[in-house]
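J.: Fold the following, please.
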Amino acid sequence: MVRLITGAGGMMGSHLYEALKDLNCDVLPTFFKSTLDPRDTITQEMEMLDVLDYQRVKKVLGQVKPDVIYHLAAQSRPDVSFKDPAHTIETNVIGTTNLLQACAELKLKPLFINASSSAVYGETMEEFDKAQEDWLMPPNETDRCLPLSPYGTSKLAQEHIVKNFHEMYPIDYVNVRIFNCTGPRKVNDFVSDICRRVVNEEFPLKVGNLDTVRSIVDVRDLVRGLVLCENIKNSTINLGSDKFYSIFEIFKKIAGISPYEVDSSLFRPTDEPIILGNINKAKRVLGWEPEISLEQTISDTLDYWRNL
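T.: A predicted model of the protein is given here:
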């Protein structure tokens, strides 16, 4: 079987590429704009592919004829989506459509593993937060989706496009709703950025909203779940952690008593007060659950920035 990864130049995609290579899989990693630190050289093994360039997408898919496509390429930052919603929609929705349309025209029949996001739940998370008796039952895959950002909206549209193509063509799919994920090589997320700034001694540490609650899954656990998604089809599934912490708790685990300042400019226009995944389906269907503790993730991320 041949696998193709889009977005392999990101934290998640690069770890997925390594995991598949460790399994001796035949895999082509592709990327367009790497989000990895420039000092990380893993992208030297990857092929350039802009998912918005339809002719290039069609050419690469025609040459590779993948049996499995891991579609991770995206504009994946909710804060950026408020500043440039058009680019977010174009990259996430049109880029996905280009891949699927090329598969259809080439008469390919891949399993399309689509990296969606917990951001599709949006306001549903707020309702869950207010219903204190439901603390142990956060939204699952059948709950309604009410995204609060252009990013979340783009991911929900992406899921529907994937389903549309499945209904029209023999393209099986898994829509994977990924919850907060971090670890070595991550940039532009709270855990990784605080780790980097602690290592660089950028004090006082500027932080945004510390009152929100998040579950954090290690990227190495996540890619293990993504690979297991090859065993299912035509399904939507949450991958995340069922352990949750306030952002302030996470900050203290990383920074200890380091001085910090709250910077209101770092607050988002809308921000879910809590993001916690119900991963019961993943446990039941994939036999998957996170194994790496938050403390281990933080330790490894600190080491990554120290050694880069």
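
J.: which non-adjacent residue is nearest Ser154?
T.: Asn92 (3.9 Å; Cβ to Cβ, 6 or more residues apart in numbering). Where C-beta positions appear, they are placed from N, C-alpha and C, glycine not excepted.

J.: Torsion angles phi and psi at the one you found?
T.: Here is the backbone geometry of Asn92 (degrees, to the nearest 10): phi -80, psi -40.

J.: Can you name the residues that contact it?
T.: Contacts for Asn92 (Cβ atoms under 8 Å, 6 or more residues apart in numbering) come out as Ala74, Gln75, Tyr151, Ser154, Lys155, Ala157, Gln158.

J.: Of those, which pair is most distant in space?
T.: By the measure Cβ to Cβ, Gln75 and Ala157 form the most distant pair in the contacts of Asn92, at 12.9 Å.

J.: Between these two, point out the one with more neighbours.
T.: Higher neighbour count among Gln75 and Ala157: Gln75, with 20 against 17, using other Cβ atoms under 10 Å.

J.: Relative to Gly122, how far out is Ile114?
T.: In this structure residue 114 is Asn, not Ile. Counting by Cβ to Cβ, to the nearest Å, the gap from Asn114 to Gly122 is 18 Å.

J.: the more surrounded of those two?
T.: Asn114 (25 against 22).

J.: For the more buried one, identify the helix or strand it belongs to.
T.: Using DSSP states H and E, Asn114 sits in strand 111-117.

J.: just how off-centre is that strand within its chain?
T.: Its chain's C-alpha centre and that of strand 111-117 lie 10 Å apart, by Cα atoms, centre = their mean, to the nearest Å.

J.: cool, and stretch 141-149?
T.: Relative to the chain's own centre, stretch 141-149 is displaced by 16 Å; criterion: Cα atoms, centre = their mean.

J.: May I ask which helix or strand of this protein has the lowest mean pLDDT?
T.: Scoring the helices and strands of the chain by mean pLDDT, DSSP states H and E places helix 123-130 at the bottom, with a mean of 69.

J.: And what about Ala282, helix, strand or coil?
T.: Assigned by DSSP: H, G, I helix; E, B strand; the rest coil, the conformation of Ala282 is helix.

J.: what's it in contact with, if anything?
T.: Gly225, Ile237, Asn238, Leu239, Trp288, Glu289.

J.: and the fifth one, how far is that from Asp79?
T.: Okay, so that is Trp288. Using Cβ to Cβ, Trp288 is found at 29 Å from Asp79.

J.: which one is Pro269 nearest to, not counting chain neighbours?
T.: Phe82 is the one closest to Pro269 (Cβ to Cβ, 6+ apart), at 5.5 Å.
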